[in-house]
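[1] Here's a sequence, model it:
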Amino acid sequence: MDQIVKNARLWREDDVRDLYIADGKFAEEGAADGAEVIDAGGRLCVAGFVEPHIHLDKALINESVRPNVSGTLDEAIEIIWERKRAYTVDEIAERAGRVIRSALANGVTRIRSHVDIDNIGGLRPLEGVAKARRRHEDVMDIQIVAFPQEGILQNEGTEELMWQAMEAGADVVGGMPFNEKHPQDSARHISIAFEIAKQFDADIDMHVDETDDTSARTLEMLAEQTIEYGWQGRVTAGHTCALAGYDEDYANYVIGRVREAGIHMITNPATNLMLQGRLDPQPKRRGITRVKELLGEGINVSFGQDCVKDTFYPFGRVDPLEVGLIAAHAAHMSLPKEIETVFDMQTNAAAKVMRLDDYGFAPGCRADLVILDAESAAEALTRQAARSVVIKNGRVIVENEKKQDWRWSP
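    Numbering: from 1, shown residues only. Next up, the predicted model:
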């Protein structure tokens, strides 16, 4: 059924207007007789939130594993080993499905999920998330990243598994080059990823320097090889925590190379505020990357939920407004323009990470739409506004009501 969304307040537009949807896409003015009418009532509308960095395969496992006592990344990875050996495709699909539906209720209509590829779980994480993707294909677009968390060179058989994962339906080549034994192995890890990406004409999305160790240099390596392989604009670096600890000269140099390479950057503030700086005396590092400095150089920066109730992070509900508010605090983004930028990071910037060419309200774009119970980005973030209506492909999928009854008056 065609639709008219009346009185929609689009972000960064002063006046309200009507939106027209036909055959699941936004259309020019006008709609067929009998179109469904939805009144946005002057509320803020976005073309769906985009979640560019999450781990659906690990989600919701925290109650079935021992606690992460140190709270560190290393212990989080170690705890998962035993749990991963017991993975089944069906239980991964079930957990992933619950998180997908939670994301959808929060207005997320596109997801990029990393899935572990290693000699512990084999391809089961991929198979489980792919099964969940098929179950939800009408209501959520999902890209899958083949993610060698245990390393490629130091985890025997993982290089072959990475090739198999791409053959089996992964969309993006992942990596974690710092998790190798030597810098030369880290460089080779990156090269292998590019060789696979070239063969499959795939984008690359790596976990980069997620460490407090300021000797980590894999972001610079990734930038150099992105330029060498001619993959500018097709590479994403997530986390990059070590960048925050570099001295100013080296940090500025690396940021310049990132800009030259056209690398998209993703910060994961909730997880890295929790994981990083655990072994620091006071004052403790915040753990997130140099968000404002990267933005200041014109680099595309987004943020992700990353983890949902797993060994890395015990919370999370895939709510971009929640993570956006955390990002604003962690990155000191308090000025009006900076608050608007935070909102952009979970919409347009994230869409650029996923290289979505059908995102937005232009005629022909996918008719994904979220009506927020707010009139501005600042209000939406501050009040954690209800997602009143969530539309996917021109179809109303979720309606949320946030009700408050006062039984007192001054």
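[2] The nearest residue to A377 once chain neighbours are set aside and Q384, how far apart?
    If the residues on either side of it in the chain are set aside, A377 comes closest to F343, at 3.7 Å by C-beta to C-beta, 6 or more residues apart in numbering. All C-beta atoms are positioned from the backbone trio N, CA, C, and that covers glycine. Per C-beta to C-beta, to the nearest Å, F343 is found 13 Å from Q384.
[3] ok, the two, which is more surrounded?
    Between F343 and Q384, F343 has the larger neighbour count (other C-beta atoms under 10 Å), namely 24 against 15.
[4] Can you point out the helix or strand that includes the more buried one?
    helix 336-345 (DSSP states H and E).
[5] Just name whatever secondary elements the following helix or strand past that helix is in contact with.
    Next helix or strand after helix 336-345 toward the C-terminus (DSSP H and E): helix 348-353. Applying 3 or more C-beta pairs under 8 Å, 6 or more residues apart in numbering; DSSP states H and E, we find helix 348-353 packed against strand 49-54, strand 108-116, strand 264-267, strand 301-303.
[6] buried set for the following helix or strand past the second one?
    Next in sequence after strand 108-116, counting helices and strands by DSSP H and E, comes helix 124-135. Neighbour-count burial for helix 124-135 flags 124-133, 135 (criterion: 16 or more other C-beta atoms under 10 Å).
[7] Please apply the same query to stretch 18-26.
    Neighbour count says stretch 18-26 has 19-22, 25-26 buried, by 16+ other C-beta under 10 Å.
[8] Give me the distance between it and the centre of its chain.
    With C-alpha atoms, centre = their mean, to the nearest Å as the basis, stretch 18-26 stands 26 Å off its chain's centre.
[9] same question, stretch 352-366
    16 Å.
[10] State the mean pLDDT of it.
    In this model, stretch 352-366 carries a mean pLDDT of 98.
[11] need the helices and strands packed on helix 348-353 in TSV with distance to D212, mean neighbour count and mean pLDDT, can you?
    Output for the helices and strands packed on helix 348-353, formatted as TSV (distance: least, C-beta to C-beta, whole Å; neighbours: other C-beta atoms under 10 Å; pLDDT from 0 to 100):
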stretch	distance to D212	mean neighbour count	mean pLDDT
strand 49-54	20	28	99
strand 108-116	21	27	99
strand 264-267	15	26	99
strand 301-303	20	28	99
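[12] what about the helices in the stretch 1-150 of the chain?
    73-85, 89-105, 124-135 (DSSP state H, counting those that start in this stretch).
[13] contacts for the first one?
    If I follow you right, that is helix 73-85. Residues from elsewhere that reach helix 73-85, judged by C-beta atoms under 8 Å, 6 or more residues apart in numbering: 58, 61, 64-66, 68-69, 116, 118, 120-121, 125, 149-150, 210-211, 275, 310-312.
[14] what about that helix, average pLDDT?
    Across helix 73-85, the per-residue pLDDT values average to 94.
[15] cool, and the second one?
    Averaged across helix 89-105, pLDDT comes to 99.
[16] tell me which residues in it are buried?
    89, 92-93, 95-97, 99-105.
[17] got the angle for it vs strand 108-116?
    150 degrees (axes from the mean of the first three to the mean of the last three C-alpha atoms, to 10 degrees).
[18] Pull the distance from helix 89-105 to the chain's centre.
    Distance, centroid of helix 89-105 to centroid of chain: 16 Å (C-alpha atoms, centre = their mean).
[19] I'd like the buried residues of helix 124-135 as a markdown table, with distance to L73 and pLDDT appended.
    Formatted as a markdown table, the buried residues of helix 124-135 follow (distance: C-beta to C-beta, whole Å; pLDDT from 0 to 100):
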| residue | distance to L73 | pLDDT |
| --- | --- | --- |
| R124 | 22 | 99 |
| P125 | 18 | 99 |
| L126 | 22 | 99 |
| E127 | 26 | 99 |
| G128 | 23 | 99 |
| V129 | 22 | 99 |
| A130 | 26 | 99 |
| K131 | 28 | 99 |
| A132 | 25 | 99 |
| R133 | 27 | 99 |
| R135 | 31 | 98 |
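[20] Switch these over to a markdown table; also include distance to R110.
    Formatted as a markdown table, those follow (distance: C-beta to C-beta, whole Å):
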| residue | distance to R110 |
| --- | --- |
| R124 | 24 |
| P125 | 20 |
| L126 | 19 |
| E127 | 22 |
| G128 | 20 |
| V129 | 15 |
| A130 | 16 |
| K131 | 19 |
| A132 | 15 |
| R133 | 12 |
| R135 | 17 |
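[21] and which of these is nearest V50?
    V50 lies nearest to R133 out of those, by C-beta to C-beta, at 15.9 Å.
[22] Quick check: the closest one touching Q143?
    No - counting by C-beta atoms under 8 Å, R133 does not reach Q143; the two are 9.2 Å apart.
[23] State the distance from V50 to R12.
    V50 is 17 Å from R12, by C-beta to C-beta.
[24] for L19, same thing?
    Relative to R12, and taking C-beta to C-beta, L19 is found at 15 Å.
[25] Relative to the whole chain's centre, how far out is stretch 142-156?
    How far stretch 142-156 lies from its chain's middle: 17 Å, per C-alpha atoms, centre = their mean.
[26] Rounded mean pLDDT for it, please.
    98.
[27] can you map out the strands along the stretch 251-400 of the chain?
    264-267, 301-303, 369-372, 387-392, 395-399 (DSSP state E, counting those that start in this stretch).
[28] The second one pairs with which strands, and in what direction?
    The reference is to strand 301-303. Partners of strand 301-303 in the sheet, by DSSP bridges, are strand 264-267 (parallel).
[29] and the partner strand, how far from the chain's centre?
    Chain-centre distance of strand 264-267: 9 Å, with C-alpha atoms, centre = their mean.
[30] can you list contacts of that strand?
    Contact with strand 264-267 is made by 52-53, 235-240, 258, 288-289, 291, 294, 299-304, 327, 331, 352-353, as judged by C-beta under 8 Å, 6+ apart.
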